[in-house]
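> here is my input, please return the structure:
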Amino acid sequence: MIDLTTTYMGLQLKNPLVASASPLSKKEELVQHLEEAGVAAIVVYSLFEEQIIHETRELDHYLHRGTDSFAEALSYLPKTGTFKLGTEKYLAHLQQIKNQVKIPVIGSLNGVSSGGWVEYAKKMEAVGADAIELNMYYVPTDLQLESTEIEAVYVKLVQDVKAQITIPLAVKISPFFSALPNFVTRLAEAGADGLVLFNRFYQPDFDLEALEIVPSLTLSAPYEMRLPLRWIALLSGKVKADFALSSGIHDGQGVVKAVMAGAKVAMTTSELLRNGIGRASEILREVEAWLKAHEYTSLQQMCGSMNQEAVAEPAAFERANYMRVLSSFDEGEAAHTAISAKLIHPVLTASTELWGDSE
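Sure thing, here's the model as predicted:
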């Protein structure tokens, strides 16, 4: 029997496959199906900072509107419960999910500013969340804003959220930091128990007929795991936090690679959205089959076995391997070009071989 158990931020998990935040967690029956399919933990869809701020302002407007009018005219005030905050609905949904499944349930907060909204992390803990994932999704557009300022805001935010809770805190970030190792180290020192690499920014598209900017959501592809795979292999064992690999996990081999790089868990959403929740069971069977075929008895035996500290050629993760990669591509491309030239221009190729190059 292959032992797939792992520990992520102190949470004991039956395997390393975690369902990341997605629409799948918006319906309780789908969450139950995720558990039945073998998923070890679930990250509930995010509660957005903008949503909290907007709804708080809306409620404040209706609470104060008309306070200077006659009492007889106050009948136009909204009925109690009409403007119940969506945040309360989120918390109720989170609590309901927690009551229906036995696996760990992780709440998700999406934002970047440090304000009263971080208290919702404490509220998530109160309704039963086993951990909080802070999803830092921010696109800096201010020309005067320096990178050090952004990093300082992120670190302060982690400190503020951690101060509100006693459960583990994970931080999900993008790869767009010029000194990523230093930054994630500061996040860990600020209180992050887990680091999720990486967030995927959704790029807008242009509608050329309507001349409008349109939202565009593209599910991930397997090749996208190479970026987080490389960074986790570089950082695991050096930073005092557990790593989760997110983006590009589509099969059992992807999970195996993530764990070998040093990740404690592999998070997936796109594969389940594209091919159904039952795909989780297949992925886990693929992991077991690979471990058995390579004579492993447990997942822990291979955890971190391919990170930079463990491999025979540490420079393969760094710039030293850059020229080697380019050289191999050039050689392959040259051969491909020569073959293509013979197929596409047989007469020209024959003439060149007979007469040699000419000006």
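> first vs last residue of stretch 31-40, how far apart are they?
End-to-end distance of stretch 31-40 (Cα to Cα, to the nearest Å): 11 Å.
> make 14 the starting number, not 1.
Yep, numbering from 14; the last one is stretch 44-53 now.
> what distance do you get for residue 316 to residue 271?
In this view, residue 316 and residue 271 are 10 Å apart by Cβ to Cβ, to the nearest Å. All C-beta spots, glycine's among them, are computed from the backbone N, C-alpha and C.
> look at those two and report which has more neighbours.
residue 271 (30 against 20; other Cβ atoms under 10 Å).
> for that one, what are its contacts?
Applying Cβ atoms under 8 Å, 6 or more residues apart in numbering to residue 271 gives the contacts 29, 238, 242, 245, 258, 262, 278, 279.
> which SSE is it in?
Using DSSP states H and E, residue 271 falls within helix 265-274.
> export the contacts of residue 271 as a markdown table, with columns for distance to residue 41 and neighbour count.
As requested, these are arranged in a markdown table below (distance: Cβ to Cβ, whole Å; neighbours: other Cβ atoms under 10 Å):
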| residue | distance to residue 41 | neighbour count |
| --- | --- | --- |
| 29 | 24 | 28 |
| 238 | 30 | 25 |
| 242 | 33 | 23 |
| 245 | 32 | 30 |
| 258 | 27 | 30 |
| 262 | 24 | 31 |
| 278 | 23 | 29 |
| 279 | 24 | 29 |
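> inside strands: which ones of those?
258, 278, 279 (DSSP state E).
> for residue 166, see how far away the second one is.
Meaning residue 278. 27 Å.
> can you list contacts of stretch 170-183?
22-24, 119, 122, 124-127, 131-132, 134-135, 137-138, 142-147, 149, 184, 200, 203-209, 257.
> swap in 6 Å and give it another go.
22-23, 127, 131-132, 134-135, 138, 144-147, 184, 200, 203-207, 209 (Cβ atoms under 6 Å, 6 or more residues apart in numbering).
> and the nearest residue to residue 293 once chain neighbours are set aside, how far from residue 177?
Nearest residue to residue 293, sequence neighbours excluded (Cβ to Cβ, 6 or more residues apart in numbering): residue 50, at 4.0 Å. From residue 50 across to residue 177, the span is 33 Å (Cβ to Cβ).
> ok, now residue 18?
Per Cβ to Cβ, residue 18 is found 30 Å from residue 177.
> for the stretch 164-313 of the chain, what spans make up the strands?
182-186, 207-210, 218-220, 225-227, 255-259, 278-281 (DSSP state E, counting those that start in this stretch).
> can you redo these as JSON lines with distance to residue 162 and mean pLDDT?
As requested, the strands of the stretch 164-313 of the chain are exported to JSON lines (distance: least, Cβ to Cβ, whole Å; pLDDT from 0 to 100):
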{"stretch": "strand 182-186", "distance to residue 162": "16", "mean pLDDT": "97"}
{"stretch": "strand 207-210", "distance to residue 162": "21", "mean pLDDT": "98"}
{"stretch": "strand 218-220", "distance to residue 162": "30", "mean pLDDT": "91"}
{"stretch": "strand 225-227", "distance to residue 162": "27", "mean pLDDT": "91"}
{"stretch": "strand 255-259", "distance to residue 162": "26", "mean pLDDT": "98"}
{"stretch": "strand 278-281", "distance to residue 162": "29", "mean pLDDT": "98"}
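> go through those strands and name the closest to residue 113.
Closest to residue 113 of these is strand 278-281 (Cβ to Cβ; 21.0 Å).
> residues in contact with that closest one?
21, 29, 31, 33, 257, 258, 259, 262, 268, 271.
> list the beta-bridge partners for the fifth one.
With DSSP bridges applied, residue 257 shows beta-bridge pairing to residue 209, residue 278.
> verify the contact between residue 256 and residue 272 for me.
No. The pair residue 256 / residue 272 is not scored as a contact, 10.0 Å apart, by Cβ atoms under 6 Å.
> good, we can wrap up now.
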